[in-house]
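# using only what follows, build the 3D model:
(one chain, ligands or ions: 1)
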Amino acid sequence: MAVTPLLSRRFFKKQFPLFSFYSSFSTTTSSPPPPIRVALTESVGRAVFATRPIASGDLIHTATPTVCHPSSSSARAACYSCLAALPHSQSQGIPFCSQRCHQRSKGYYDVEMKANWVAFNDYCWTRGLKYPFLVKRLVCMVISGDARSDTLDILQPANLTPEMVLKMEEEFLLLRNAFTKALIADEHIAFLTKQWYINILARIRINAFRIELAGGLYEDLLASAVASVEAEAAVGNAVYLLPSFYNHDCDPNAHIIWIDNADAKLKALRDIVEGEELRICYIDASLDRNARQELLSRGFGFQCNCSRCLHGD
Ligand SMILES: C[S@@+](CC[C@H](N)C(=O)[O-])C[C@H]1O[C@@H](n2cnc3c(N)ncnc32)[C@H](O)[C@@H]1O
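Predicted coordinates for the structure are as follows:
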């Protein structure tokens, strides 16, 4: 079943200037802009559309994470910066896969190393929380000048219940305490208010990707086979800007993959015509309709309107 083409979706003329997303692309000066644009639709908010035909299997574009964090329960230690697998011999030592990764994240790594994270980490690990670690990383990036505090404001936030907000308050206090005890100057963490923390988590909740690497060595394949039984197969979580505008479809025409680090590749799963909306699948598409609707409603807060769901498939 094909994704509903653009012309059958009534959509507003308003388009978003792509230049604002170029910072999240891995482009070279000679590479052409990606064959997509972001526009506002009536039914699903913003969406990504093809600006020319795209062949099945083609790379649509790549994206580097705005913020990412390795998983604590992954079978294999991951690079602090790009989430590439670290050699086993290195897992207790330097947490970077290369000098380049060390250099580019040195500023926020040094900020993080100044604070004592025992209370915050214990709190999150015992409750199975992973997104607060992305907020912690973003705070370190803002303090070191590697990101702006409003970096994620453009993304759609989740609707949070009062119970969810209440639970976030304790994490927030632990996070803020860690920075104040590390004697980070007040003016450097003035942005870190409870409201800011909740706003960021609300955006991360809907837009974070769980990263599982497709590439790797034979020993990594074995590690991930073990991980699927004993530990977390994902190497970490990340938030991107442009990939966050892709809506969900239970029969998608595009997918997002990771080969050996957190740099994402958006690829066409079938031939796409000019003007067609590009959609990825947020969940396991092999589940039955009720299970998919339940997951999407609980995890992302929406009733899926894709053709498969509308036809009861
Ligand atoms: C990651 S965002 C996608 C971009 C979003 N439309 C925006 O304007 O930023 C996910 C949100 O888009 C909407 N959405 C995505 N796929 C949908 C679908 N199949 N049916 C209904 N709403 C969808 C929901 O509001 C969902 O929470």
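# when you work out contacts or count neighbours from here on, use the C-alpha atoms and nothing else.
OK.
# sec struct for residue 76, please.
Three-state call for residue 76 (DSSP: H, G, I helix; E, B strand; the rest coil): coil.
# would you list the phi and psi of the closest residue to it other than its chain neighbours?
Leaving out its chain neighbours, the residue that sits closest to residue 76 by Cα to Cα, 6 or more residues apart in numbering is residue 85, at 6.4 Å. Dihedral pair for residue 85: phi -70, psi 140, per degrees, to the nearest 10.
# swap in residue 177?
For residue 177, the backbone dihedrals (degrees, to the nearest 10) come out as phi -60, psi -40.
# I'd like to know how many residues surround it.
17 (other Cα atoms under 10 Å).
# what does the pLDDT read for the residue lying farthest from the centre of the chain?
Within the chain, the residue lying farthest from the chain centre (Cα atoms, centre = their mean) is residue 183, at 30.3 Å. pLDDT for residue 183: 88.
# do the same with residue 18
Residue 18 is given a pLDDT of 44.
# residue 77 now?
The model's pLDDT for residue 77 equals 88.
# and the residue nearest to residue 76, how far is that from residue 98?
Taking Cα to Cα, to the nearest Å as the measure, residue 85 falls 11 Å from residue 98.
# among these two, which residue is more densely surrounded?
The neighbour count for residue 85 versus residue 98, taken as other Cα under 10 Å, is higher for residue 85 (23 against 14).
# hang on, that one packs against residue 71?
No - assessed by Cα atoms under 8 Å, residue 85 is found out of contact with residue 71, at 11.5 Å.
# overlap of the contact sets of these two?
residue 78 (Cα atoms under 8 Å, 6 or more residues apart in numbering).
# show the contacting residues for residue 143.
108, 111, 188, 189.
# which one is the third one nearest to, not counting chain neighbours?
In space, not counting the residues next to it along the chain, residue 188 is nearest to residue 143; the distance is 5.8 Å by Cα to Cα, 6+ apart.
# that's a helix at that neighbour, yeah?
Yes - assignment of residue 143 by three-state DSSP places it within a helix.
# and it, how close does it get to the ligand?
From residue 143 across to the ligand, the span is 27 Å (Cα to the nearest ligand atom, to the nearest Å).
# retrieve the pLDDT associated with that residue.
As predicted, residue 143 sits at a pLDDT of 97.
# what do you get for residue 148?
98.
# wait, it touches residue 140, no?
No - taking contacts as Cα under 8 Å, residue 148 lies outside contact range of residue 140: 10.6 Å.
# more crowded one of these two?
More neighbours surround residue 140 than the other of residue 148 and residue 140, with 22 against 13 (other Cα under 10 Å).
# for residue 174, the count of nearby residues, please.
17.
# need the residues that contact the host helix or strand of it.
Assigned by DSSP states H and E, residue 174 falls within helix 162-181. Residues outside helix 162-181 that contact it (Cα under 8 Å, 6+ apart) are 115-117, 119-120, 123-124, 132, 136, 186, 189, 192, 194, 197-198.
# buried subset of those?
115, 117, 120, 132, 136, 189, 192, 194, 197, 198 (16 or more other Cα atoms under 10 Å).
# nearest spatial neighbour of the first one, chain-adjacent residues omitted?
On the basis of Cα to Cα, 6+ apart, the spatially nearest residue to residue 115 that is not a chain neighbour turns out to be residue 182, at 4.9 Å.
# against residue 110, how distant is that neighbour?
12 Å.
# more neighbours: which of these two?
Using other Cα under 10 Å as the criterion, residue 182 and residue 110 rank with residue 182 on top: 15 against 12.
# if we can go back for a sec, ok, now which ones touch the residue nearest to residue 115?
Residue 182 neighbours (Cα under 8 Å, 6+ apart): 114, 115, 116.
# which stretch of helix or strand covers the last one?
For residue 116, there is no enclosing helix or strand under DSSP H and E.
# next up, the contacts around it.
Contacts of residue 116 (Cα under 8 Å, 6+ apart): 178, 182.
# ramachandran coordinates for it?
Dihedral pair for residue 116: phi -100, psi 120, per degrees, to the nearest 10.
# before we move on, what about the first one?
Backbone torsions for residue 114, taken as degrees, to the nearest 10, come to phi -70, psi -20.
# so which elements touch the helix or strand containing residue 110?
With elements taken from DSSP H and E, the one containing residue 110 is helix 99-114. Of the remaining helices and strands, those touching helix 99-114 by 3 or more Cα pairs under 8 Å, 6 or more residues apart in numbering; DSSP states H and E are helix 131-144.
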